[in-house]
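**Student:** I'd like to go over a predicted model; first the sequence, then the structure.
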Amino acid sequence: MTDYHIHTILSDGIDTHEACLRMASEYNVSEIGFSDHICLNYPEWAVREEDLTYMKEKVTKIKNTTDLPFKVKFGAEIDYLSDKKDEIQTIIQKLKLDYVIGSVHFINGWNFDTEPFNYETKNIDHLYNEYFRLIQEAAISGLFDIIGHADVIKKFNYKPSFKLDKLYKQTAKIFSKADIAIELNTSGLFKPCNEYYPSTEFLKMCFKEKVPVTLGSDAHQAVDIARNFKKAINLLKVTGYKQIAVFEKRKRTLIPI
Ligand SMILES: [Zn+2]
Ligand SMILES: [Zn+2]
């Protein structure tokens, strides 16, 4: 069991790295990865620019601690911003990350996953099309190893008027061609949409297109690490996955589940 999507107090989590390590020790995890938010717009939920060096030193120090019963990886969840690709690349190189989750949290400057009340005034069909266009672009950009919560646009349970199967298929094909992984993110189960990210239908398409998968809780508190992972692993197996992806210095390998 691995959890590659964990936030700490350095971004918008409420617990320290140490608290996360203590909690992870109580679960049967073989690997965890810290993946605090990096966003070059620097909203209040992301690591502050002046803390990026500290972030690197902190996780590097933990990685060098030998008495942990599991491996620790240095990751980041980085916002895909199409006008800041070069700066994103520079930060990734500077931090020497083990893996990079690329996420989309903004559409035309609107932080759509933090502001449920604004959906009432939006064209939902247009939002879905825009969102999927952006994650496809993020995959093709080559900046990232994993696409984060691949259909998070459904978070507040606003649904488009059209069926999503064509967009799922098209996107899964693009992920496959870009050789990027997705994550099975369990946090959506606890949001209004009440589904995994991605949905089981989208996950099936990704499996069909041989897109590798990681596991992530998107924990913002230590107690949520590996939340619902037994069921998630079961879903992966039912879908056909026999392996999940792990990363070291951005090199991907697969381990059995
Ligand atoms: Zn996110
Ligand atoms: Zn996250």
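**Tutor:** Happy to help now that I have it. Ligands and ions are numbered 1, 2, ... in the order given.

**Student:** contacts only, for the most centrally placed residue in the chain.
**Tutor:** With distances taken as C-alpha atoms, centre = their mean, G148 lies nearest the centre of the chain, 2.8 Å away. If you count contacts by C-beta atoms under 8 Å, 6 or more residues apart in numbering, G148 has them with 5, 77, 101-103, 183, 185, 216. Bear in mind the C-beta positions are built from the backbone N, C-alpha and C, glycine included.

**Student:** ok, for it, nearest residue in space, not its chain neighbours?
**Tutor:** In space, and not counting its chain neighbours, G148 is closest to S103: 3.5 Å by C-beta to C-beta, 6 or more residues apart in numbering.

**Student:** model confidence for the one you found, exactly?
**Tutor:** On pLDDT, S103 comes in at 98.

**Student:** what bridges to it?
**Tutor:** D79 (DSSP bridges).

**Student:** which residues does it contact?
**Tutor:** Contacts of S103 (C-beta under 8 Å, 6+ apart): 77-80, 138, 147-149, 152.

**Student:** from those residues, which two are the most distant?
**Tutor:** Within those, I78 and V152 form the most distant pair, 14.7 Å apart (C-beta to C-beta).

**Student:** any weak-confidence spans in the stretch 151-257 of the chain?
**Tutor:** Judged against pLDDT under 70, the stretch 151-257 of the chain has no low-scoring part.

**Student:** dihedrals phi and psi, I38?
**Tutor:** When read as degrees, to the nearest 10, the backbone of I38 gives phi -120, psi 120.

**Student:** what is the burial count for it?
**Tutor:** For I38, the neighbour count with other C-beta atoms under 10 Å is 24.

**Student:** could you check the pLDDT of it?
**Tutor:** pLDDT at I38 comes out at 98.

**Student:** my read: it touches V47, true?
**Tutor:** Yes. Contact between I38 and V47 holds when scored by C-beta atoms under 8 Å: they sit 5.6 Å apart.
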